[in-house]
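[1] After the sequence you'll find the predicted model.
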Amino acid sequence: MIDPKDIKLAPSILAADFAKLGEQVKEAEKAGADRIHIDVMDGHFVPNISIGPLVVRSLRPVTKLPLETHLMISDPDKYLDDFAKAGSDAFIVHVEGNAHLHRTVQKIKALGKRAGVVFNPATPVGAIEEILQDVELVLVMTVNPGFGGQQFIQSTLQKIRKVRELIDRLRPGCDLEVDGGIEPHTIGAAAAAGARVFVAGSAIFCAKEGITGAMQNLVKSATGKA
């Protein structure tokens, strides 16, 4: 049985109502969120455009939670300084398309920020093995990135298990996070596979039971107590 205290939720503001963004982030914090997940898209690395440093700057005074910035962009190194100055506490960068991933991770750490790596459903687990010792977080995409509200890809469960084994062997204490299609009916299987941090957007900000109720339901489902 998984202890509810071990389950961490990272509400993704991609699904929030931007007219009420500050209020919704405050409610998520009050309801027990561990961090706020910020999806940055450039229309090149993924087929969508989202937000930039100005939104991070606007959120920084609103919450004491860590602002976790997921850079789904072609050249993350160009923007690390701007997001760091705006108030980002952590950066998650993609394995795909980054010819100098180690350099990027070292730059993040030089900025005094938490470094994480993320990879897409079709990218093999071995792609992170050489960088694992240098990061605090591994994010497994359980959908193809670029849009919110997608359905969880069931075949990624085996990938989560493999990453769990790799972390336990090489980097104990490193966070294993999942992002994509996290709902009450999918979070339990992802937790059983070894994930402990869950990015959820629509399941939190668009739930009929409201932000607090939705987060409570996710934790219950993750621990088998729903």
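    Thanks, I have it.

[2] How are the helices of this protein distributed by residue range?
    Assigned by DSSP state H, the helices in the chain fall at 21-30, 53-59, 80-86, 101-110, 156-170, 187-193, 202-205, 210-222.

[3] Need the winner for burial among those.
    Of all those, helix 202-205 carries the top mean neighbour count, a mean of 24, counting by mean count of other Cβ atoms under 10 Å. The C-beta positions use only the backbone N, C-alpha and C, and glycine is treated the same way.

[4] possible to save the helices of the chain as JSON lines with mean pLDDT and distance to residue 127?
    Output for those, formatted as JSON lines (pLDDT from 0 to 100; distance: least, Cβ to Cβ, whole Å):
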{"stretch": "helix 21-30", "mean pLDDT": "98", "distance to residue 127": "31"}
{"stretch": "helix 53-59", "mean pLDDT": "97", "distance to residue 127": "28"}
{"stretch": "helix 80-86", "mean pLDDT": "98", "distance to residue 127": "21"}
{"stretch": "helix 101-110", "mean pLDDT": "97", "distance to residue 127": "9"}
{"stretch": "helix 156-170", "mean pLDDT": "98", "distance to residue 127": "11"}
{"stretch": "helix 187-193", "mean pLDDT": "98", "distance to residue 127": "18"}
{"stretch": "helix 202-205", "mean pLDDT": "97", "distance to residue 127": "28"}
{"stretch": "helix 210-222", "mean pLDDT": "97", "distance to residue 127": "27"}
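
[5] Need those helices in TSV (columns: distance to residue 135).
    Shown next, in TSV, are those (distance: least, Cβ to Cβ, whole Å):
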stretch	distance to residue 135
helix 21-30	25
helix 53-59	21
helix 80-86	15
helix 101-110	6
helix 156-170	10
helix 187-193	20
helix 202-205	25
helix 210-222	23
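
[6] now for those helices, which one comes closest to residue 126?
    helix 156-170 (8.8 Å; Cβ to Cβ).

[7] so what does that closest one touch, helix or strand wise?
    Under the contact criterion of 3 or more Cβ pairs under 8 Å, 6 or more residues apart in numbering; DSSP states H and E, helix 156-170 touches strand 137-141, strand 175-179, helix 187-193.

[8] out of the helices of the chain, nearest to residue 45?
    helix 101-110 (13.4 Å).

[9] CA atoms only for the closest one - export them in CSV, please.
    Coordinates of each C-alpha in helix 101-110 appear next as CSV, following Å, rounded to 0.1, in the frame of the first residue of the first chain:
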residue,chain,number,x,y,z
LEU,A,101,22.2,17.9,-22.6
HIS,A,102,24.9,17.7,-20.0
ARG,A,103,25.9,21.3,-20.7
THR,A,104,22.2,22.4,-20.3
VAL,A,105,21.9,20.6,-17.0
GLN,A,106,25.1,22.1,-15.7
LYS,A,107,23.9,25.6,-16.6
ILE,A,108,20.7,25.0,-14.7
LYS,A,109,22.7,23.9,-11.6
ALA,A,110,25.0,26.9,-12.0
